[in-house]
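A.B. asks: using only what follows, build the 3D model:
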Amino acid sequence: MRIEMKFILLAVMIAMFSLACGGDDSDSNDNLSDGDQDTVEDGDVSEDGDAEPFEPAVTTVSKTLVPEVEFLEFCKDSADRRKLEYCKNPATYEQDFDVYFKKGMGEWSVEDGEPLTLREDLGVAKGEPGTRQAILSWAQFTDVHITDEESPSRTASFDSTSIPSALRPQDMYTQRVFADAIKTINRFIKTGTLDFTLVTGDATDTAQYNEMKALLDIMNGELIDPDSGADDDPVAGENNDGQDPFQAEALEMPFYLALGNHDELIMGNWKINEKAKAVGVGSLPGSGTRRGDDFLVTKEEVPADENRESLYHDEMIDLIMNTPGLPEGHGYTQNNIDENNGYYAFDAPNGAPVRFIVLDTTFRPLGFEGSDTTYVSGVIDRVQFEHFLQPELEDAFNDHKLVVLASHEQSDHLQNDGFDDGRFISEEEFLETTLSYPNIVLHCVGHGHTHRVRIHTPEDADGDGGYFEIETTSLIDFPQQFRFFEMVDNGNGTLSINSAVVDHQGEEGGMSELSRKLTLIDSQTGWDEQGMQGSPETRNIEMIVPIPEGWQGYVSDFEGRETIDAEVNW
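C.D. replies: Numbers count the residues shown, from 1 in each chain. You can find the predicted model right below:
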């Protein structure tokens, strides 16, 4: 089928799905609302009386989306992937997607929810709760990867099973997915509780100005134009292809950001310098990019765009810091610009005795000159460790604050970049320090594009504590999920840290749903083989953590606490 027919097919799919939204969906909301159809608060009817475009948001505790066909069911070896049409790489856009859809790929069914799995891995039992009090709740996004798929800085020609992130069939819908994820959160907080949102890195894909600006503008409810270079409209008309402008809905809570390798490096791997900047704003894609009118890969000249400039570390922080919205600076201050560092700490905005310590696990302040030519592995430099992390941990302990660590990279990714001069700390040194503080209860990370749980106990290093390290999947690859967290004082010397993963819930048949559909045919990423969706024990979980001895009063007695009867806020 010719390429223009494929876009007609996509437009027809979107139109058909949109028509389906007009049907009666009252049965789908039986357990999600009180049945009252005349108030905005219930999330059922808008102010002008029209039906809202999607049902009130729920977590995967209530329902799950289960793929009907795994890619490896048909395409198990490299010979299949080269020979069979439905095993070839769909990201190139060289053949009609119907080849995959006819095999059942890209489809999912709505199944029952997954209850929370009790995790008592730290050796502390939940026991019989006393008066349970909700302390704090928040949302975590990670690896959003807002992508300018037309950028000359991209490496589309290298896309393969060994370099699967160079090209994706859904990479032109990243803005739409994130916008609908924000809407999902806003829907949830109409009846639920969330205090803030934390983005733990890789907000962008190529560290470009226009990518980070799009993410920040979505969170602030601005008009979004995903297109770059020339004004492209692959499918004639409005709101029917990934290049069309749209109005975002602002996130209705404060938000904070951490930096990831894709926010500080070209494609998350290569250092940014003046030569790299020139490539981005130029018109010659030496390693391949997409054409804006048909999304085919090209190495030929493309329309230039000055907004594609990849930003240096301090330039990226400056852009975030000067973005509107709460809190001012979104965690960053002028000190981060002056000292060119990307780490900070903040206390829970609701007054809870919890301090978040946000780390920068990508920046090399002495330069990118190690033995590696790429810099995808995580680092924490000596200055950050000794002059920020250690003092912040000491202050939090003295202030009787529980601590949540946040970083893009996982602790077991920390390495020395080939240097033996001590400029970077090791995983062992990191754990030896963190496990010496019994008030550290959680470490939120991303980077791996999968759901995973790591347990850190005193057996790993000297100390009296222990905490969970929770890795969350991305918003670009299947399953395109994010997390809610809820911290609960059980009233018996333990905390329950509840976590549930959430699916973005946009219009039925809309572009974010199409993006999810395309993730399921992305043979290069190999979502089924790599297990990106994790296991039930890593998704919806209740983690039991001990409150430090003598701290029960500090945890229980703060203004704003709320007694709860339910086991979980969701």
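
A.B. asks: hmm, residue 511 and residue 242 touching each other?
C.D. replies: Yes. If you go by CB atoms under 8 Å, residue 242 and residue 511 touch, sitting 6.3 Å apart. C-betas here are computed from N, CA, C, even on glycine.

A.B. asks: tell me which of the two has more neighbours.
C.D. replies: The neighbour comparison of residue 242 against residue 511 (other CB atoms under 10 Å) goes to residue 511, with 26 against 23.

A.B. asks: who touches the more buried one in this structure?
C.D. replies: Contact analysis of residue 511 by CB atoms under 8 Å, 6 or more residues apart in numbering lists 14, 173, 176, 241, 242.

A.B. asks: hang on, the second one in a helix?
C.D. replies: Yes. Going by DSSP: H, G, I helix; E, B strand; the rest coil, the assignment for residue 173 places it inside a helix.

A.B. asks: gap between the spatially closest residue to residue 531 that is not a sequence neighbour and residue 184?
C.D. replies: Among residues not flanking residue 531 along the chain, residue 450 sits closest, at 6.5 Å (CB to CB, 6 or more residues apart in numbering). Using CB to CB, to the nearest Å, one obtains 21 Å as the distance from residue 450 to residue 184.

A.B. asks: can you get me a residue count around residue 155?
C.D. replies: Residue 155 has 20 nearby residues by other CB under 10 Å.

A.B. asks: you'd agree it is up against residue 166?
C.D. replies: Yes. Assessed by CB under 8 Å, residue 155 is found in contact with residue 166 at 4.7 Å.

A.B. asks: what touches both of these two?
C.D. replies: Among the neighbours of residue 155, those also in contact with residue 166 (CB under 8 Å, 6+ apart) are residue 267.

A.B. asks: any residues in contact with both of residue 242 and residue 511?
C.D. replies: Contacts common to residue 242 and residue 511, judged by CB under 8 Å, 6+ apart, are 173, 176.

A.B. asks: show me the shaky parts of this structure.
C.D. replies: 1-56, 370-374, 460-465, 560-570 (pLDDT under 70).

A.B. asks: can you tell me which residues contact residue 377?
C.D. replies: So residue 377 contacts 409, 413, 414, 415, 417 (CB under 8 Å, 6+ apart).

A.B. asks: what's the one helix or strand residue 528 maps to in contact with?
C.D. replies: In the assignment (DSSP states H and E), residue 528 maps to helix 527-530. Residues from elsewhere that reach helix 527-530 (CB under 8 Å, 6+ apart): 67, 70, 71, 72, 450, 477, 478, 479, 519, 520, 533.

A.B. asks: now, which of those residues sits nearest residue 101?
C.D. replies: residue 520 (9.7 Å; CB to CB).

A.B. asks: ok, the closest residue in space to the closest one that isn't next to it in sequence - contacts?
C.D. replies: Counting by CB to CB, 6+ apart, residue 520 lies nearest to residue 106, which is 4.6 Å off, once chain neighbours are set aside. Residue 106 is in contact with 97, 100, 517, 518, 520, 521, counting by CB under 8 Å, 6+ apart.

A.B. asks: which one among those residues gets closest to residue 252?
C.D. replies: Taking CB to CB as the measure, residue 252 sits nearest to residue 517 out of the contacts of residue 106, at 28.3 Å.

A.B. asks: so how far is residue 457 from the nearest residue to the closest one once chain neighbours are set aside?
C.D. replies: Using CB to CB, 6+ apart and skipping residues adjacent in sequence, the residue nearest residue 517 is residue 106, 4.3 Å away. For residue 106, the distance to residue 457 equals 42 Å [CB to CB].

A.B. asks: now residue 448
C.D. replies: 21 Å.

A.B. asks: neighbour-wise, which of those two wins?
C.D. replies: Just comparing residue 448 and residue 457: by other CB under 10 Å the higher neighbour count belongs to residue 448, 20 against 15.

A.B. asks: I'd say that one and residue 412 touch.
C.D. replies: No. Look at residue 448 against residue 412 with CB under 8 Å: they stay out of range, at 10.0 Å.

A.B. asks: please name the residues that touch the spatially most central residue of the chain.
C.D. replies: With distances taken as CA atoms, centre = their mean, the residue of the chain nearest its centroid is residue 142 (2.3 Å). Listed by CB under 8 Å, 6+ apart, the contact partners of residue 142 are 199-202, 260, 408, 445-447, 472-475, 482.

A.B. asks: using CSV, lay out those residues together with secondary structure.
C.D. replies: Shown next, in CSV, are the contacts of residue 142 (three-state DSSP):
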residue, secondary structure
199, strand
200, strand
201, coil
202, coil
260, coil
408, coil
445, strand
446, coil
447, coil
472, coil
473, coil
474, coil
475, coil
482, strand
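
A.B. asks: would you list those in TSV and tack on distance to residue 333 and neighbour count?
C.D. replies: Formatted as TSV, those follow (distance: CB to CB, whole Å; neighbours: other CB atoms under 10 Å):
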residue	distance to residue 333	neighbour count
199	18	31
200	19	29
201	19	31
202	22	29
260	20	30
408	20	30
445	23	29
446	23	29
447	25	27
472	26	28
473	31	27
474	28	24
475	27	27
482	26	25
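
A.B. asks: include distance to residue 222 when you put these into JSON lines, please.
C.D. replies: Listed next are the contacts of residue 142 as JSON lines, based on distance: CB to CB, whole Å:
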{"residue": "199", "distance to residue 222": "17"}
{"residue": "200", "distance to residue 222": "23"}
{"residue": "201", "distance to residue 222": "22"}
{"residue": "202", "distance to residue 222": "21"}
{"residue": "260", "distance to residue 222": "23"}
{"residue": "408", "distance to residue 222": "25"}
{"residue": "445", "distance to residue 222": "29"}
{"residue": "446", "distance to residue 222": "25"}
{"residue": "447", "distance to residue 222": "28"}
{"residue": "472", "distance to residue 222": "26"}
{"residue": "473", "distance to residue 222": "27"}
{"residue": "474", "distance to residue 222": "23"}
{"residue": "475", "distance to residue 222": "19"}
{"residue": "482", "distance to residue 222": "21"}
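
A.B. asks: closest one of these to residue 117?
C.D. replies: Closest to residue 117, out of all of these and judged by CB to CB, is residue 472, at 15.7 Å.

A.B. asks: separation between that closest one and residue 170?
C.D. replies: Applying CB to CB, the value for residue 472 to residue 170 is 19 Å.

A.B. asks: and the contacts of stretch 547-562?
C.D. replies: Applying CB under 8 Å, 6+ apart, the external contacts of stretch 547-562 come out as 133-135, 193, 350-353, 400, 402, 438-439, 489, 491, 493-495.

A.B. asks: in space, what's closest to residue 410 - neighbours in sequence excluded?
C.D. replies: Going by CB to CB, 6+ apart, residue 410 has residue 445 as its nearest residue, at 4.8 Å.

A.B. asks: identify the bridge partners of that neighbour.
C.D. replies: residue 471 (DSSP bridges).

A.B. asks: tell me who's in contact with it.
C.D. replies: Contacts of residue 445 by CB under 8 Å, 6+ apart are 142, 200, 406, 407, 408, 409, 410, 411, 469, 470, 471, 472.

A.B. asks: swap the cut-off to 6 Å and go again
C.D. replies: 407, 410, 471 (CB atoms under 6 Å, 6 or more residues apart in numbering).

A.B. asks: quick check: the first one touching residue 362?
C.D. replies: No. Between residue 407 and residue 362 there is no contact, the gap being 9.4 Å when judged by CB atoms under 6 Å.
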